[in-house]
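Trainee: fold the following and give me the result.
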Amino acid sequence: MNEFHDRTSAGRLLAVELARMELDKPVVLALPRGGVPVAFEIAKVLKAPLDLLLVRKIGLPAQPELAAAAVVDGERVDIVLNDEVVAWAGLDKETIGALAQRELKEIERRRRIYLSNRQPTSVTGHTVILVDDGIATGTTVRAALKALARRGAAHLVLAVPVAPADTALSLRGDVDDVVSLLTPQSFFGIGEFYRDFHQLSDDEVLAYLREASHFASSSEEGEVDHSTS
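Mentor: A predicted model of the protein is given here:
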């Protein structure tokens with residue numbers, strides 16, 4: 001199928017759609033690692049801050065692939081429950097808290113590597129554009145959106161190159177806008193829509209973040225022309 005050459009080309013196409021929306025005070029948050037190249041192109045065109053939103057699924061002890069909750073890093077840590085799974089498994093707050101601690105350690109490791117423990121960008125009063133390279137089930141994205149809503153985002157936009165039609169529809173209740181270039185009825189995996197869907201390294205993520213900080217600073221000083229070719 002291969003609708004997109006790579007994440008960069010998908011990000012450029014999304015940026016065109018988002019620029020038309022004339023969003024107020026946008027902040028772009030990427031879900032690493034795959035969302036970073038997509039979000040980078042959006043932040044560049046919108047001349048917006050780029051940051052990461054670090055989210056970790058909290059799986060059941062006996063079934064780690066089944067999400068009971070998710071822990072979301074940011075201005076404060078949020079634990080978003082999957083109420084149906086929590087009730088079915090009979091989990092109490094103490095158990096969920098203990099499971100969350102393990103995932104928080106991984107979040108802290110990633111923040112240390114990617115952001116040198118820099119404090120997360122505030123979303124209060126801003127238009128927040130949450131970006132990934134695609135959505136399958138939507139569990140992690142839904143947790144992220146709920147956490148951002150709690151933190152006072154003025155307007156929430158979910159921007160992804162591809163998401164199954166039913167998943168995109170189910171997420172509309174959690175956001176103000178969903179921008180998805182492709183919403184196929186038939187969906188087997190995100191990678192089928194990219195020619196290049198390699199797993200990004202930490203070094204690649206860091207390179208994008210470094211460049212984003214440079215063009216953001218230059219934009220504020222009026223030194224760089226960010227028009228796209």
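Trainee: and Leu115, how far from Glu103?
Mentor: 17 Å (C-beta to C-beta, to the nearest Å). C-betas here are computed from N, CA, C, even on glycine.
Trainee: which one of those two has more residues nearby?
Mentor: Neighbours per residue, other C-beta atoms under 10 Å: of Leu115 and Glu103, the larger number sits with Glu103, 20 against 17.
Trainee: my guess is that one meets Val55, correct?
Mentor: No - between Glu103 and Val55 there is no contact under C-beta atoms under 8 Å: 9.1 Å.
Trainee: overlap of the contact sets of the two?
Mentor: Val71 (C-beta atoms under 8 Å, 6 or more residues apart in numbering).
Trainee: would you work out how far apart the start and end of stretch 194-203 are?
Mentor: Using C-alpha to C-alpha, to the nearest Å, one end of stretch 194-203 lies 21 Å from the other.
Trainee: then stretch 189-197?
Mentor: Per C-alpha to C-alpha, the first residue of stretch 189-197 is 11 Å away from its last.
Trainee: same check on stretch 124-138?
Mentor: With C-alpha to C-alpha, one end of stretch 124-138 sits 24 Å from the other.
Trainee: and stretch 118-125, by the same measure?
Mentor: 20 Å.
Trainee: and what of stretch 57-76?
Mentor: 17 Å.
Trainee: next one: the lengthiest helix in the chain to chain centre, how far?
Mentor: Secondary structure of the chain per DSSP state H: the longest helix is helix 93-115. Centre-to-centre, helix 93-115 and its host chain are 17 Å apart (C-alpha atoms, centre = their mean, to the nearest Å).
Trainee: closest to the centroid, which residue in this protein?
Mentor: Computing the C-alpha centroid of the chain and ranking residues by C-alpha atoms, centre = their mean puts Leu31 first, at 3.1 Å.
Trainee: wait, that one sits on Ala143?
Mentor: No - here Leu31 does not reach Ala143: they are 10.6 Å apart, not a contact under C-beta under 8 Å.
Trainee: just to revisit the earlier point, just after the longest helix of the chain, pick out the following helix or strand.
Mentor: strand 127-131 (DSSP states H and E).
Trainee: for the spatially closest residue to Val128 that is not a sequence neighbour, give me its contacts.
Mentor: Nearest in space to Val128, with sequence neighbours left out and distances taken as C-beta to C-beta, 6 or more residues apart in numbering, is Ala153 at 4.3 Å. Taking C-beta under 8 Å, 6+ apart, we find Ala153 in contact with Val123, Thr124, Gly125, His126, Thr127, Val128.
Trainee: list the residues that contact the second one.
Mentor: So that's Thr124. Applying C-beta under 8 Å, 6+ apart, the residues near Thr124 are Glu75, Arg151, Gly152, Ala153.
Trainee: name whatever forms a beta bridge with the last one.
Mentor: Read it as Ala153. Thr124 (DSSP bridges).
Trainee: and Gly125, how many neighbours does it have?
Mentor: Quick note: Gly125 (other C-beta under 10 Å) scores 12 neighbours.
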